[in-house]
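Trainee: got a predicted model here, sequence first, then my questions.
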Amino acid sequence: MSVGMSGVSDFLRSYLTVGWFGIAAVALAGLLLWVSSLVRPSRPGHEKLLTYESGVDPVGEGWSQSQVRYYIFALLFVVFDVEAVFIFPWATQLERYGTFGLVEMGVFVFVLLLGLVYAWRKGVLRWV
């Protein structure tokens, strides 16, 4: 590890380079946003300030509470998506893992199936 005249090692100097590039990127983005705010036209009107709902005029309040069911669907999707991420590498190296890998993956899939059965029995999977 060599130390230059300023007492900063080459290792730390490489992090300093990354830091300078990060600062330059943030400064450039801020500068471009500021310039674009000066150049763009600004003509606010009643129609432009309305909430946009797929081309339909908004009706009622803008705030509404979402049901927890949608979040549970998203969470279940993420769980089974992660399952696919774990199963794919295992399937490509099945010969290398042998019987132990097969048993371990069976336990993993069984636990996930238990979660799916639990969600099904609780009525979470009904989309109503």
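Mentor: All right, it came through fine. Being a predicted model, the structure only gives us computed values, none of them experimental.
Trainee: residue ranges of the helices in this structure, please?
Mentor: 10-39, 68-92, 94-121 (DSSP state H).
Trainee: packing partners of the second one?
Mentor: Identification of packing neighbours for helix 68-92 by 3 or more Cβ pairs under 8 Å, 6 or more residues apart in numbering; DSSP states H and E yields helix 94-121. Quick note: C-beta positions are derived from backbone N, CA and C, even for glycine.
Trainee: please tell me how far the residue nearest to the spatial centre of the chain sits from Ile72.
Mentor: Nearest to the geometric centre of the chain sits Val78, at 10.5 Å (Cα atoms, centre = their mean). Note on Val78: its distance to Ile72, by Cβ to Cβ, to the nearest Å, is 11 Å.
Trainee: same check, this time on Phe21
Mentor: The value you get for Phe21 to Ile72, if Cβ to Cβ is used, is 42 Å.
Trainee: between those two, which one's more packed in?
Mentor: Ile72 (14 against 10; other Cβ atoms under 10 Å).
Trainee: correct me, but the more buried one touches Ala119?
Mentor: Yes - with contact defined as Cβ atoms under 8 Å, Ile72 counts as touching Ala119 (7.3 Å).
Trainee: mutual contacts of those two, please.
Mentor: Residues touching both Ile72 and Ala119 (Cβ atoms under 8 Å, 6 or more residues apart in numbering): none.
Trainee: how's this protein carved up into domains?
Mentor: 1-41, 68-121 (automatic domain parsing).
Trainee: switch these over to CSV; also include distance to Leu50 and mean pLDDT.
Mentor: Shown next, in CSV, are the domains of the chain (distance: least, Cβ to Cβ, whole Å; pLDDT from 0 to 100):
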stretch, distance to Leu50, mean pLDDT
domain 1-41, 19, 86
domain 68-121, 25, 86
